[in-house]
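**Q** okay, structure incoming, though there's no sequence with it:
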């Protein structure tokens with residue numbers, strides 16, 4: 001089973017390497033998908049925030065809320081919607097489908113394990129690291 005998963009991961013990496021390279025901008029993805037609710041600075045004060053039943057999260061304090069470490073995998077899972085499936089109290093849309101277009105990159109999701117992940121999702125999460133205060 002492990003050999004099969006390793007083979008699949010290697011094949012996906014090879015396919016991703018063959019895909020035409022496209023520069024992904026986390027800032028542009030943030031502007032397109034996040035600014036309306038979270039605001040340009042990530043503080044949860046975007047123009048659409050007032051119309052929501054729950055204030056959007058202040059994205060500038062993600063690392064501070066996690067002992068000073070930015071939890072990249074958890075953030076990507078939240079953006080994707082994976083950890084929020086079935087959460088009826090969440091007002092944030094699941095962006096997994098919107099961010100799937102484009103190449104995959106291998107991300108270490110836990111020590112020794114890599115997962116093919118949409119480059120757009122990674123770029124957006126990496127952009128959020130720059131918003132931390």
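**A** That came in fine, so what should we check first? Keep in mind that this is a model prediction, so the values were computed, not measured.
**Q** taking the centroid of the protein, which residue is nearest it?
**A** residue 76 (3.2 Å; Cα atoms, centre = their mean).
**Q** okay, strands next: where are they in this protein?
**A** Applying DSSP state E to the chain gives strands spanning 104-110, 113-118.
**Q** picking up where we left off before, can you pull the contacts of the residue nearest to the centre of the chain?
**A** The contact partners of residue 76, taken as Cβ atoms under 8 Å, 6 or more residues apart in numbering, are 107, 117, 121-122, 125. Placement of C-beta: from N, CA and C, glycine included.
**Q** so what touches stretch 57-71?
**A** Stretch 57-71 has contacts (Cβ under 8 Å, 6+ apart) with 34, 38, 41-44, 74-75, 128-129, 131-133.
**Q** what about that stretch, distance to the chain center?
**A** Remark: stretch 57-71 is offset 14 Å from the chain centroid, using Cα atoms, centre = their mean, to the nearest Å.
**Q** ok, stretch 53-63 next?
**A** Put simply, stretch 53-63 sits 15 Å off its chain's centre (Cα atoms, centre = their mean).
**Q** check which residues of it are buried.
**A** 56-60, 62-63 (16 or more other Cβ atoms under 10 Å).
**Q** how about stretch 115-129?
**A** Within stretch 115-129, the residues that qualify as buried are 116-125, 127-128, counting by 16+ other Cβ under 10 Å.
**Q** ditto for stretch 69-86
**A** Buried residues in stretch 69-86, counted by 16+ other Cβ under 10 Å: 70, 72, 75-81, 84.
**Q** rebuild these as a markdown table, extending it with distance to residue 50.
**A** Below are these laid out as a markdown table (distance: Cβ to Cβ, whole Å):
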| residue | distance to residue 50 |
| --- | --- |
| 70 | 28 |
| 72 | 30 |
| 75 | 25 |
| 76 | 28 |
| 77 | 27 |
| 78 | 22 |
| 79 | 22 |
| 80 | 26 |
| 81 | 23 |
| 84 | 22 |
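**Q** noted, bye for now.
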